[in-house]
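**Student:** next one to model:
(one chain, ligands or ions: 1)
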Amino acid sequence: MFTRIAMSYYRLWNVLILYIMWGFNSVSHIATPVSNPSPRIYPLETDLCNESSLLLVMQDYSENQFLALARTPPLDIEICDVTLRDGEQMPGVVFRPDEKLDIAMRLDEIGVEVIEAGFPVVSKAEKSAVREICNLDLDAKISALSRSVKADVDAALDCGVDIISVFIATSELHLKYKLHMSCPEAIRCALDTVEYAKDHGLIVRFSAEDATRTDFETLKKLYKKAEEYHADYISVADTVGVMNPRTTYYMISEIKKVVKIPICMHCHDDLGMALANTLAGAEAGAKQLHTTVNGIGERSGNTPLEEMLVTLKLHYGVDAYDLTRLKDLSKLVESYSGVSVAKNKAVVGVNAFAHESGIHVAAVLEEPRTYELYSPEIVGAARHIIIGKHTGAKALKYITERMGYHLKEREVCELAEKVKMCSEFKRPINCEELRRLILGMENLEISYPGP
Ligand code: HCA
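**Tutor:** So this is what the prediction gives:
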């Protein structure tokens, strides 16, 4: 009796540890040994089989009849990545200077045209990181954020930036409750700062914060004034993500009627439409599109770089960026920022090219396009076949053959049953576990204690 109670506690302990480890391992994907007591603890999404090596030809899956029918216009755009500035404004995120440099170099390798490196007046370390990024002599132009005050411009000048992003809030809400200024006062500060930055030889991007909640007539007049003061870009900040693609398209089309200088789109994702809104702005003629890696940023974040670049390629034929580096950059920013990428995140999530369902796997093994929009290699990722509750016999036969086992049909079915039993414990199984099941070394009752 005592032994049975002890065994029950032991099993319960095993299960608890198992769940805890899944949590800890969800980013690293590394099976971490624990001192006590289970020798078989694996992360939830352990990959059973990496299929990418099978695809010898990199395929572009972009055929889409609607692209032609919709007459999508060619886009003349550039990317300004703001991971190092707005991305870092995400609560809890701090990049060390060396991490900032690393991210900047990788963004440059991908080919983004502008990197917003930081907000120099924030701290000494921030200022010196921006300066060091400028000293890297990257192909990308380096920009820094500046409030509409001359001291901020001076700090950016000290760093040696190419571009300065001078911003001021223009909505009544921000003027009244944040800046405690009248609109004419704010406009004066902004224009004086634009003028000051221009006089010091900088390329100036003038941004109206909360532009999308600003009285539209006032906003257009302000943009026009900024153009008269020789700003090089004006920026539409959808600071709290209020727009949708239709309203964005309208807004940018109207702004284009009054200013000739390039327009920037800076969209937040509060309603999950940042990417769509940025693209709608681009379709209406906006030039500079703002992104952050993994979409990190305040609240729900910003337009994700990886989603933007893949969409630009597949939907608009923009081929200017090295997409094969996206997955690695995503992992790097995930680790530096401490912000985990959701498993089902488009392009860079661990499930973006993972298949478990028997029906899906069977189809993917014959033709990946059945359940993949584009090939994982395009973004430097890999296809994963996951063995779990929904695994079918076809997938098992295929995988076991790749592992060197030639099972009879009956054996494959038996194995499928065992796999389903294991999956009762809410996780896929990994290669080693499958091997043990095949070899009949595994006694399920013992190795997979129930709750
Ligand atoms: C902020 C400001 C900003 C500026 C946008 C821009 C915004 O929230 O701190 O650079 O164009 O989202 O309004 O990031």
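**Student:** only C-alpha atoms for contact and neighbour calcs from this point on.
**Tutor:** OK.
**Student:** distance from the chain centre to the host helix or strand of residue 195, please.
**Tutor:** Residue 195 belongs to helix 183-199 when assigned by DSSP states H and E. Computed by CA atoms, centre = their mean, to the nearest Å, the chain-centroid distance of helix 183-199 equals 34 Å.
**Student:** quick check: angle from whichever helix or strand comes after it to helix 183-199?
**Tutor:** The helix or strand immediately downstream of helix 183-199 is strand 203-209, counting by DSSP H and E. Between strand 203-209 and helix 183-199, the angle formed by their directions is 160 degrees, by axes from the mean of the first three to the mean of the last three CA atoms, to 10 degrees.
**Student:** what's the closest non-adjacent residue to residue 385?
**Tutor:** Counting by CA to CA, 6 or more residues apart in numbering, residue 385 lies nearest to residue 355, which is 5.0 Å off, once chain neighbours are set aside.
**Student:** pLDDT at the one you found, what is it?
**Tutor:** On the pLDDT scale, residue 355 is placed at 93.
**Student:** can you tell me how far it is from residue 381?
**Tutor:** Counting by CA to CA, to the nearest Å, the gap from residue 355 to residue 381 is 14 Å.
**Student:** cool, and residue 164?
**Tutor:** From residue 164 to residue 381 the distance is 35 Å (CA to CA).
**Student:** which residue ranges form the helices in the stretch 251-400 of the chain?
**Tutor:** For the stretch 251-400 of the chain, the helices defined by DSSP state H, counting those that start in this stretch cover 274-283, 305-316, 326-337, 358-366, 393-402.
**Student:** which one of the ones you listed is the most hemmed in?
**Tutor:** Most buried of these, by mean neighbour count (mean count of other CA atoms under 10 Å): helix 274-283, with a mean of 25.
**Student:** render the CA-only coordinates of it in CSV, please.
**Tutor:** Output of helix 274-283 as CSV, limited to C-alpha atoms (Å, rounded to 0.1, in the frame of the first residue of the first chain):
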residue,chain,number,x,y,z
ALA,A,274,-0.3,47.4,-38.4
LEU,A,275,1.0,45.4,-41.4
ALA,A,276,-2.1,45.8,-43.5
ASN,A,277,-2.3,49.5,-42.7
THR,A,278,1.4,50.1,-43.5
LEU,A,279,0.8,48.4,-46.9
ALA,A,280,-2.4,50.3,-47.5
GLY,A,281,-0.3,53.5,-46.9
ALA,A,282,2.3,52.2,-49.4
GLU,A,283,-0.4,51.5,-52.0
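**Student:** does any part of that helix sit near the ligand?
**Tutor:** No - legend: contact between helix 274-283 and the ligand by CA under 6 Å from any ligand atom is lacking; minimum distance shown is 11.5 Å.
**Student:** tilt between that helix and helix 305-316?
**Tutor:** Using the same axes, to 10 degrees: helix 274-283 against helix 305-316 is 50 degrees.
**Student:** contacts for helix 274-283, please.
**Tutor:** Outside helix 274-283, the residues that touch it by CA atoms under 8 Å, 6 or more residues apart in numbering are 72-73, 75, 77, 241, 243-246, 248-249, 252, 265-269, 289-290, 302-304, 307-308.
**Student:** pop the domain breakdown of this protein in here.
**Tutor:** 28-55+352-451, 68-337 (automatic domain parsing).
**Student:** tell me which of the ones you listed sits most buried.
**Tutor:** Mean neighbours per residue, mean count of other CA under 10 Å, is largest over those for domain 68-337, with a mean of 20.
**Student:** report the mean confidence score over that one.
**Tutor:** 97.
**Student:** so who does the residue lying closest to residue 250 once chain neighbours are set aside touch?
**Tutor:** Using CA to CA, 6+ apart and skipping residues adjacent in sequence, the residue nearest residue 250 is residue 284, 7.6 Å away. Residue 284 sits next to 249-250, 252-253 when contact means CA under 8 Å, 6+ apart.
**Student:** again, 7 Å this time
**Tutor:** Counting by CA atoms under 7 Å, 6 or more residues apart in numbering, residue 284 touches 249, 252-253.
**Student:** look up how far residue 116 lies from residue 95.
**Tutor:** Separation of residue 95 from residue 116 (CA to CA): 14 Å.
**Student:** part of a helix, is residue 80?
**Tutor:** No - going by DSSP: H, G, I helix; E, B strand; the rest coil, the assignment for residue 80 is strand, not a helix.
**Student:** what's the distance between it and residue 142?
**Tutor:** Distance from residue 80 to residue 142, by CA to CA: 9 Å.
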